[in-house]
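Undergrad: Okay, sequence plus prediction incoming.
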Amino acid sequence: RGRFDDGYDAARERWFARQLELGVVPEGTTLAPRNPGVPAWDELTENQQRFAARLQEAFAAQLEHTDAQISRLTAFLAERGLLEDTLLLVLSDNGASREGGPYGVMDEFSFFNGMWEDVDELVATRLADVCGPHAHSNYPWGWAQAGNTPLRWYKQNTYGGGVRDPLVVHWPKGIAARGELRRPFTHIVDLTPTILDVVGTTMPDEVDGVPQIPLHGASIRPTFDDPTAPPPRR
């Protein structure tokens with residue numbers, strides 16, 4: 001509670017500064033302008049700010065929950081002596097969602113149906129429902145763009161904010177580097193070839209007499225040890 005009360009504009013500035021500090025984005029990168037349709041945080045009413053902040057709190061709580069489950073998995077692997085030689089790939093499926101509209105929604109289908117909800121009524125009667133079994137909530141565009149910092153637009157859009165995702169690779173026994181960044185272009189279709197490469201096998205050309213579609217991707221394993229390794233495909 002209260003972690004996001006200063007709003008998505010301030011959060012985006014903080015997160016962008018942190019990305020520059022860590023080198024996640026290259027030096028000289030500029031922060032994209034606020035997307036069309038995103039009101040400035042200071043232009044929202046008090047109730048719109050309360051609702052938007054609560055939605056972001058729920059999203060952040062879900063990320064904390066996800067972190068906890070990944071921690072349980074890695075603790076189990078460590079307990080079994082398997083963590084050092086297990087390849088872990090952590091990534092998101094796409095950029096942040098735009099289904100919350102400009103102010104956020106308690107029921108996502110209100111966005112799809114164009115039936116805008118009354119934020120004042122939601123704050124007065126249903127704020128506690130956010131992230132519970134009686135809601136299908138989604139945060140507003142401002143928080144979505146903050147989540148896509150420093151990029152533009154959202155999932156469903158073929159802009160950086162829709163299609164660019166982080167990929168974290170952890171394999172202590174197979175990767176000498178620790179905490180380094182890799183910048184070559186990689187696509188989701190490259191992950192299966194990478195896993196097959198790591199375990200030392202290949203896709204069969206035929207399964208039970210059925211010809212298999214050739215893999216479209218290529219292994220990114222060379223990038224594990226060589227930061228200058230070229231992308232596996234054009």
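TA: Yep, that arrived. This structure is a prediction, so every number in the text was calculated from the model and none was measured.

Undergrad: ok, Pro231 touching Pro184?
TA: Yes. With contacts defined as Cβ atoms under 8 Å, Pro231 counts as touching Pro184 at a distance of 4.1 Å. (Glycine included, C-beta is placed from N, CA and C.)

Undergrad: now Ala135: how far from Arg80?
TA: Between Ala135 and Arg80 the distance, using Cβ to Cβ, to the nearest Å, works out to 39 Å.

Undergrad: Please say which of these two ends up with more neighbours.
TA: When neighbours are counted by other Cβ atoms under 10 Å, Ala135 and Arg80 differ, and Ala135 comes out ahead with 18 against 9.

Undergrad: I'd like the distance from the closest residue to the more buried one other than its chain neighbours to Gly147, if you could.
TA: With Cβ to Cβ, 6 or more residues apart in numbering as the criterion, Ala135 has its nearest non-adjacent residue at 4.4 Å, and that residue is Asp129. Per Cβ to Cβ, Asp129 is found 22 Å from Gly147.

Undergrad: Count residues in the vicinity of Arg98, would you?
TA: Per other Cβ under 10 Å, the neighbour tally for Arg98 reads 22.

Undergrad: circling back to that earlier point, tell me which of Asp129 and Gly147 has more neighbours.
TA: Regarding Asp129 and Gly147, a neighbour count based on other Cβ under 10 Å identifies Gly147 as having more, with 22 against 15.

Undergrad: ranges for the strands of this protein?
TA: Taking DSSP state E as the test, the strands found in the chain are 88-91, 167-170, 206-207, 210-211.

Undergrad: wait, which of those strands is closest to Phe224?
TA: In terms of Cβ to Cβ, the element of the strands of the chain nearest to Phe224 is strand 167-170, at 6.9 Å.

Undergrad: Any figure for the gap between the nearest residue to Thr29 once chain neighbours are set aside and Ala53?
TA: Excluding the flanking residues, the one nearest Thr29 by Cβ to Cβ, 6+ apart is Pro150, at 6.0 Å. Pro150 sits 22 Å away from Ala53 when distances are taken as Cβ to Cβ.

Undergrad: again with Arg183
TA: 34 Å.

Undergrad: do Glu206 as well
TA: In this structure, Glu206 lies at 55 Å from Ala53, with Cβ to Cβ as the measure.

Undergrad: for this protein, what's the longest helix?
TA: The residue-count maximum for a helix in the chain (DSSP state H) belongs to helix 46-79.

Undergrad: so how far is that one off the chain centroid?
TA: Put simply, helix 46-79 sits 12 Å off its chain's centre (Cα atoms, centre = their mean, to the nearest Å).

Undergrad: Check which residues of that helix are buried.
TA: With burial defined by 16 or more other Cβ atoms under 10 Å, the residues of helix 46-79 counted as buried are 47-59.

Undergrad: Next: stretch 182-201.
TA: If you call a residue buried by 16+ other Cβ under 10 Å, then stretch 182-201 has these buried ones: Pro184, Thr186, Asp190, Leu191, Pro193, Thr194, Leu196.
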